[in-house]
Structure formats: structure tokens, C-alpha cells
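Asks: Sequence and predicted model, in that order:
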Amino acid sequence: MAVMKNAFPILEYDPEQKAVLMPDRKHLYTFPRKAVISFDGIDDFVNENNCEEIGEHITCTKRFPIYKAAWNGIEILLCHVPLGASAAVQLLDFIIGYGAKEIIAVGSCGTLIDLPENHFIVPNEALRDEGVSYHYLPPARTVELNSAAVSAIKEALEAKGYKYTLCKTWTTDGFYRSTVDMINHRKEEGCAVVEMECAGLAACAQFRGAVFGQLLYTADTLANVNEYDARDWGKASERIALELAIDSVTKIKRNN
């Protein structure tokens, strides 16, 4: 199939599944079908639950150990994932290549509207204001998250009695480019929170035929554009959110 050409390189797209460099080219591993990738630390959980290291993802800057955890009798891949859509998608594509098919990502987000810190967010749509998603899906303004994954996350939260907000998230590469006018523009089109990876991860999973969802919790806030507030970066939610993500991935239901 021919490349979809455009005056702007970021909008050019090739639907071909096979690339010169494939994530599973070394035929190294067979990973569990269910996986949780976390933007926060997982070391305490790994140590407390005697998780077995079953692989690694190596980049030129860091090694990412990949673990197997047992949760309610179900094997789950667990690993730390780097910040930023491009780096995070590289790891996601790697684990999908070796067998992960149902994946929940977990991490923090900033708020664009008046939401308290440590409030859970379930994104059902992500605005594609990053670069990597355009290498996996044709150009579009947003990408929808998989409904089976969204339902599983909601089920896990409701089972534990946690309140949450279902909403659109703004995925952006420009951490320091959230200007007043841009924030207001994103809010006008329905974005309630902002982060850096969701759209890219969702696009990669959709392209590879995997089920993907993301559980977020609120950290800093940009709701008051006159006074940025980092708050406590949602630290109180890190462990709770990780275990909720693990609960969620066990609840994903699919036919294949």
C-alpha cells in the first residue's frame, strides 16, 4: 500500500504493518497476555510480591526490567514505562510484539478544570497533540480508547467504591508549552486533563490489534491559568492506582 503523502511530514502515513525494524525481531520472549505499564515506581510492589523478572527492554539511556506478577491467580506482565509518548510507545510496541494483548497504563495527569488532587480519571478519548500516534494511525484529531478496557477500569473503580471522571484527555509533547490561550482552547473542545502519552499508546495498541486503556489520577493543576499549582503531584495515589490498574486488566473481557 502506498504512503499517504502530505505537505507536512507528521501527517504522512504508511499503513504497512511490517517495518524494517520490528519490536520482536530477536525472538526473545513469550510474555503474559495481560500487562500493566506504570509511569510511577513499581519496585515496592515487585519486592513485596516476589515478582519474577522475565525480560528487559533496553534503550541507550536505561534498562527497563519486565516482571511477571500473579494477581488472583492470573499472570500479569508488570513494568515501568518512560515519560513521553515516543519512549512509552517504544516499550508498549515491544511488549505487544512478545505477547501482551490486553494492557492498562497507569500514571498521573494535570487538570485543566477544577478537580481535586488524587481524583481518578478514566479517559475514553485522547487529543493527538503528540507525534508518535501519526506513525500508527491515519491523521485525525483524536483517538478513542478501547471500550472493553474502559469498562474494565470503571468496574475496578466501582468495585472499590472510588469516584472517577470519564473524559477526554489532551496528550501533548510540549510540557512547557501549555499557554493560557492553548489551555482555554483545549478546554473549549472538551479536554478535562492533560498528560503526555495516552494518545500515542492508544494508537499503537489499536494498530497492533491490542486492547488498551489508561487509569489516571490527578496531580498538578492548570485550572487557574494565573497561578500554576504543582500540589503534591498525586503521590498519595501511586500505590492505590497501581493495584487498581492490575485489578482492571484482570477484568478485561474480549472474544479473541
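Replies: Good, I have the coordinates. Residues are numbered from 1 along each chain as shown.
Asks: Next up, phi/psi of residue 31, please.
Replies: phi -90, psi 160 (degrees, to the nearest 10).
Asks: Chain neighbours aside, what residue packs nearest to it?
Replies: Closest residue to residue 31 apart from its sequence neighbours, by CB to CB, 6 or more residues apart in numbering: residue 99 at 4.1 Å. Using the backbone N, CA and C atoms, a C-beta is placed for each residue, glycine as well.
Asks: Could you check how far that neighbour is from residue 34?
Replies: Counting by CB to CB, to the nearest Å, the separation of residue 99 from residue 34 is 10 Å.
Asks: and the residue nearest to residue 31, how many neighbours does it have?
Replies: Counted with other CB atoms under 10 Å, the neighbours of residue 99 add up to 15.
Asks: What of residue 250?
Replies: 17.
Asks: Secondary structure element holding it?
Replies: helix 238-251 (DSSP states H and E).
Asks: Show me what that helix is packed up against.
Replies: strand 34-38, helix 43-48, strand 63-71, strand 74-80, strand 102-111, helix 147-159, strand 211-221 (3 or more CB pairs under 8 Å, 6 or more residues apart in numbering; DSSP states H and E).
Asks: Let me know the average pLDDT across stretch 231-244.
Replies: Summarised as a single mean, pLDDT over stretch 231-244 is 97.
Asks: which stretch of helix or strand covers the closest residue to residue 191 other than its chain neighbours?
Replies: Nearest non-adjacent residue to residue 191, counting by CB to CB, 6+ apart: residue 170, 4.0 Å away. Element membership of residue 170, judged by DSSP H and E, is strand 164-172.
Asks: Strand partners (parallel or antiparallel) of that strand?
Replies: strand 120-129 (parallel), strand 191-195 (parallel) (DSSP bridges).
Asks: Identify whichever of those strands lies nearest to residue 244.
Replies: Of all the strands paired with strand 164-172, it is strand 120-129 that lies closest to residue 244, at 7.6 Å by CB to CB.
Asks: Am I right that residue 236 sits in a helix?
Replies: Yes. Residue 236: assigned to a helix according to DSSP: H, G, I helix; E, B strand; the rest coil.
Asks: Might you report the residue contacts of it?
Replies: By CB atoms under 8 Å, 6 or more residues apart in numbering, the contact list for residue 236 reads 117-118.
Asks: And for residue 251?
Replies: Applying CB under 8 Å, 6+ apart, the residues contacting residue 251 are 152, 155-156.
Asks: Please indicate which of those residues has the highest neighbour count?
Replies: Result: residue 152 is most packed of the contacts of residue 251 (other CB under 10 Å), 26 neighbours.
Asks: Quick one, grab the pLDDT at that one.
Replies: So residue 152 comes in at 98 (pLDDT).
Asks: Assess the claim that it and residue 253 are in contact.
Replies: Yes. Counting by CB atoms under 8 Å, residue 152 does reach residue 253; the two are 7.2 Å apart.
Asks: now what about the helix or strand containing residue 54, what contacts it?
Replies: Using DSSP H and E, residue 54 sits in strand 52-58. Here strand 52-58 makes contact (CB under 8 Å, 6+ apart) with 28-29, 31, 63-68, 77, 79, 90-91, 94-95, 98.
Asks: Could you check it and say which residues are buried?
Replies: Neighbour counts over strand 52-58 (16 or more other CB atoms under 10 Å) mark 54-55, 57 as buried.
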